[in-house]
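K.L.:
predicted model and sequence below, questions to follow.
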Amino acid sequence: MSRRDRGEARAAGPARCTVTVCRGCCCGTGKVPGVDHAAQLAELRRALSGTATVRPVTCLDACEHANVIVVQPSAAGRAAGGRPVWLGLVNDPDAVGDITAWVEAGGPGLADPAGILDLYAFSPSRRIRRDAELS
């Protein structure tokens, strides 16, 4: 997709939540055993199709929290005060359902996450946050 096409896609409708899924050196690999990493990503894409942008990235540099997912607010969510929410140790299939339900309800700034997601939330270092926002 060209930059022009992306700009047109943004102009066509409101900015949606973005769900960034780490699939680097630790997340999404055999270093986190017992998780079907491909199925986890496929389920997020399937469940959030038309609701959010799901994008895998090489590494978010928070390996001690593998598997890491970052939920970034929509434009409306950001305007309402929502900020990116970092979720770590997302290794339970039920967590994907909780994340999906939250994003479908509006995500950060617009809807409260299921209480169980508080157990997954963490704050990465400022360097990691800054680098993630630049990519």
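P.N.:
Sure thing, it's come through. Numbers count the residues shown, from 1 in each chain.
K.L.:
where along this structure do the strands fall?
P.N.:
17-22, 52-57, 69-72, 85-87, 121-122 (DSSP state E).
K.L.:
got those as JSON lines, with mean neighbour count and distance to residue 110 columns?
P.N.:
Glycine gets a C-beta too; all of them are placed from N, C-alpha and C. Shown next, in JSON lines, are the strands of the chain (neighbours: other CB atoms under 10 Å; distance: least, CB to CB, whole Å):
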{"stretch": "strand 17-22", "mean neighbour count": "23", "distance to residue 110": "9"}
{"stretch": "strand 52-57", "mean neighbour count": "17", "distance to residue 110": "12"}
{"stretch": "strand 69-72", "mean neighbour count": "23", "distance to residue 110": "11"}
{"stretch": "strand 85-87", "mean neighbour count": "22", "distance to residue 110": "12"}
{"stretch": "strand 121-122", "mean neighbour count": "13", "distance to residue 110": "17"}
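K.L.:
let me know which of those strands is the nearest to residue 44.
P.N.:
Within the strands of the chain, the stretch nearest residue 44 is strand 52-57; the backing value is 5.0 Å (CB to CB).
K.L.:
list the contacts of the residue nearest the centre of the chain.
P.N.:
With distances taken as CA atoms, centre = their mean, the residue of the chain nearest its centroid is residue 19 (2.7 Å). Neighbouring residues of residue 19 by CB atoms under 8 Å, 6 or more residues apart in numbering: 44, 48, 52-55, 69-72, 99, 103.
K.L.:
at 10 Å what do you get?
P.N.:
Counting by CB atoms under 10 Å, 6 or more residues apart in numbering, residue 19 makes contact with 41, 44-45, 47-48, 51-56, 69-72, 87, 99-100, 103, 107.
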